[in-house]
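In: need a structure here:
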Amino acid sequence: MSSRSLLATATVGLGLGLWACQGDPLHVYRVVYPASALPGGPPTASLLPEACYQPRDLPAPVASSQLAAESFCAVGKRPGTGTVSSNAVVAEEWTLFGGSDGEEFLLRKGSQGMTVGSSGRREGSQYVFTTSQLTLASVCPGQASTFDGGFFPPMATAVVAECNGKCVNLTSDPAHCGACGIVCPEGFVCAFSRCQQSCGGIGFFTCGGVQVDTSVDRNHCGACNNPCPPGTVCAPQFGVSQLGRCVQPCEALCARDSLSEGCGAPSIVTREVSTVVEVALSGDALTGNLVQGVAYVCHDGGCAPDFGSRCPSCTVALPLNGRKTVAGSEAKSQ
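Out: Residues are numbered from 1 along each chain as shown. Next up is the predicted model:
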């Protein structure tokens, strides 16, 4: 829950006490609305509108920034089935009341007992209440591709994390082996998040009269006098060959060298779920709409160019209606 929502909830509790002292009635309603899915809400058996999903023709993620985006928002493509009968509804208990400063408050208590408080305003018989919840994450773009065979399937994917503002491979970075700041001793490698004397391969050869480990040596990677290009490390290809190959820092499962640039720059990604409730009171009846939207934003760093397609933002509006269930004197005594 956002700080605004927490403040609203706290203010709601204060308002309840004020109103009880003033002797004003609480308005309690039983409200129902269609059991259609809402973006940013709990999963249901129903389907969101097409705009809330990835386009059907969107290619599978390839770049590390695309993988990072999808791991954060986890939207995916719209499934072909999963509808709900038109008469299925969500029922909630709503309590409306006003504070001494003219601000209005709404408490929504769902079927699972969760209560959400929000503040709002009133114009005549019209009420508008708003809440917003913001989730912020620092996402690293670097991530190893899926391992498709060999001897180490449980350790097939590099663990990428942010250390000192840079994304590093905790699986194979000897400057951050297993955790940020864990430095391997001189001459050791970082293999599967542990400092070891070697990667366990058979890559030792004599190059220029000196014995070198061609499985991790950047100047003799896989063979004598085969230097790796700048920005890459030498690492063995487990399950296929113990000989070294030049790979990106976040593809390695074992390496001796640490690159200052790490695995790229982290991106600041946010997910904001906003809810607006607009209702009108007429006697004991309540009618209106519940509008909920989710917005994904990638702010900087290694944002995927197609971030908006992989993490689409959308809004859904649902009609609602309710009836007063508790008289003022009864609500005041609770």
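In: which residue ranges form the helices in the stretch 1-150 of the chain?
Out: Listed in chain order, the helices of the stretch 1-150 of the chain (DSSP state H, counting those that start in this stretch) span 3-22, 64-73.
In: which one of the ones you listed has the lowest average pLDDT?
Out: Lowest mean pLDDT within the helices of the stretch 1-150 of the chain: helix 3-22, a mean of 36.
In: wait, Asp284 sits on Lys324?
Out: Yes - Asp284 is within contact range of Lys324, at 4.1 Å (criterion: C-beta atoms under 8 Å). Bear in mind the C-beta positions are built from the backbone N, C-alpha and C, glycine included.
In: Compare those two and say which is more crowded by neighbours.
Out: For Asp284 versus Lys324, neighbours defined as other C-beta atoms under 10 Å are more numerous around Lys324 (18 against 12).
In: Pull the contacting residues for the more buried one.
Out: Going by C-beta atoms under 8 Å, 6 or more residues apart in numbering, Lys324 touches 27-29, 284-286.
In: Mind checking which of those residues are buried?
Out: Among the contacts of Lys324, those classed as buried by neighbour count (16 or more other C-beta atoms under 10 Å) are 27-29, 286.
In: Among these, which ones are in strands?
Out: 27-29, 286 (DSSP state E).
In: Find the pair from those residues with maximum spatial separation.
Out: Val28 and Leu286 (10.5 Å; C-beta to C-beta).
In: anything in contact with each of the two?
Out: Shared contacts of Val28 and Leu286, counting by C-beta under 8 Å, 6+ apart, come down to 94, 324.
In: so how many other residues sit close to Asn289?
Out: Counted with other C-beta under 10 Å, Asn289 comes out at 13.
In: Need the three-state assignment for it.
Out: strand (DSSP: H, G, I helix; E, B strand; the rest coil).
In: What does the pLDDT read for it?
Out: On the pLDDT scale, Asn289 gets 97.
In: pretty sure it contacts Val316?
Out: No - the pair Asn289 and Val316 does not pass the contact test of C-beta under 8 Å, sitting 10.4 Å apart.
In: Okay, Gly187 and Arg256: tell me how far apart.
Out: As for Gly187, its distance to Arg256 is 8 Å (criterion: C-beta to C-beta, to the nearest Å).
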